[in-house]
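Q: next input, structure requested:
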Amino acid sequence: MADIKFEPAKMLKEKPDVSKIGFGTHFTDYMFAMDYNTEKGWHDARIIPYQDIAVSPANTTLHYGQAVFEGMKAYRQGSKVVIFRPMDHLRRMENSCRILDIPEFPLETVHEGLTQLVAQEKAWVPEQKGQSLYIRPFIFATDPFLGVSVSETYTLLIILSPVAAYYAHGFAPVRIMVEDTYVRAVRGGLGEAKTPANYAASLHAGLVAHQKGYDQTLWLDGVERKYIEEVGSMNILFKIDGVVVTPELDGSILNGVTRRTVLAVAKEWGVPVSERRISIDEVREAYRNGKLEEVFGSGTAAVISPVGVLGYKGQDMVINGGKTGPFARKMYDYIEGLHCGEVEDTQGFIEIVAEM
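A: Modelled structure (predicted):
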């Protein structure tokens, strides 16, 4: 068992009405922290009051972006507090660290710190279905040095934020614009790492999409500009002629935990699944032939996000009459049922961390 210190807060916060707050605007009383240097390695695991942190103006992350993060959620299941696939998220953060040359962190210690933190803050986990406690682990370099090099010191933090249901106005399809001008990532780069640079690279195209009346951007590959990659901050899936098709993981696409969940559940249901390269031209052809049944995104925040309109080169493809498809609806209900305990967890996705 890891030696995790605990520092009590002098004063606890008033808990907000979760239904009236936005995503990531309020934070709990405590956070988990660890530090790294070349002499001690990762050390000083602790749960401390949530607080601002001081960094040097020369902090290497501020200038060169050597940082990674994760996002997962805790849910209330009656008298229990659970987390959805925490180890899978932490293992993905390990992979992000490898890509960014951040020293490997002690997985079991961080997992224990995470679960102890959520248990400590269990009263912050919302009770309403669809609401959750968002968990944000992240690591950033802390060298006060302007030379371009790998840092020798790091800090790992985990903070918690109660969040309302993602769909404030109901589970409804979104409008997506296919982006063929700007590029988010290429193979051999940072695409499969959950790192701030990927999100910075997506911001401008997202603004352009909003200006044109779309909700998010669907990215094409950065070389040929024809193969589909991700949508916004989510993975993308298509149901074509009865088969669930999603782009294969080729190094430029984030290995989504919700994506993996969708594929595993689809296989359990006996629905054919194909992970492969798929071009925007193939999608358009399937649409013209009436074989494009559904399009939807998958991710931690929204779980499942149905796509009603796919815009490309000035033309809109209206998917399933602009309505949520039956497969996306069923998958959303199933995964949300796993979260709240209404569906039996047959694959070990749920970890119980506390009793109320």
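Q: surely G113 is in a strand?
A: No: for G113, which was evaluated using DSSP: H, G, I helix; E, B strand; the rest coil, the result is helix, with no strand membership.
Q: surely it meets I47?
A: Yes: between G113 and I47 there is a contact under CB atoms under 8 Å: 7.0 Å. Where C-beta positions appear, they are placed from N, C-alpha and C, glycine not excepted.
Q: need the overlap of contacts for the two.
A: Common neighbours of G113 and I47, counting by CB atoms under 8 Å, 6 or more residues apart in numbering, are 4, 32.
Q: these two: which is more packed in?
A: G113 (23 against 20; other CB atoms under 10 Å).
Q: from I4, how far out is the nearest residue in space to that one that is not next to it in sequence?
A: Leaving out its chain neighbours, the residue that sits closest to G113 by CB to CB, 6 or more residues apart in numbering is F32, at 4.4 Å. Between F32 and I4 the distance is 8 Å, computed by CB to CB, to the nearest Å.
Q: out of these two, which sits in the busier spot?
A: F32 (26 against 16).
Q: so which strand or helix has that one?
A: Secondary structure from DSSP states H and E places F32 in strand 30-37.
Q: and that strand, what does it pack against?
A: Packing contacts for strand 30-37, counted by 3 or more CB pairs under 8 Å, 6 or more residues apart in numbering; DSSP states H and E, involve strand 41-49, helix 107-120, strand 153-163.
Q: this protein: helices as residue ranges?
A: According to DSSP state H, the chain carries its helices in the segments 60-64, 86-100, 107-120, 196-211, 257-268, 280-288, 326-340.
Q: so where's the stretch 101-250 of the chain uncertain?
A: Low-confidence regions of the stretch 101-250 of the chain, defined by pLDDT under 70, span residues 168-170.
Q: one more time with 90, if that's ok
A: Counting by pLDDT under 90, the low-confidence segments of the stretch 101-250 of the chain come to 129-130, 165-172, 232-233.
Q: where along it do the strands fall?
A: Here the stretch 101-250 of the chain has its strands, by DSSP state E, counting those that start in this stretch, at 132-141, 153-163, 174-179, 216-220, 228-231, 234-240, 243-246.
Q: dump those strands into TSV; add distance to F296 as well.
A: Below are the strands of the stretch 101-250 of the chain laid out as TSV (distance: least, CB to CB, whole Å):
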stretch	distance to F296
strand 132-141	20
strand 153-163	21
strand 174-179	9
strand 216-220	12
strand 228-231	9
strand 234-240	6
strand 243-246	10
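Q: that's all I had, so thanks and see you.
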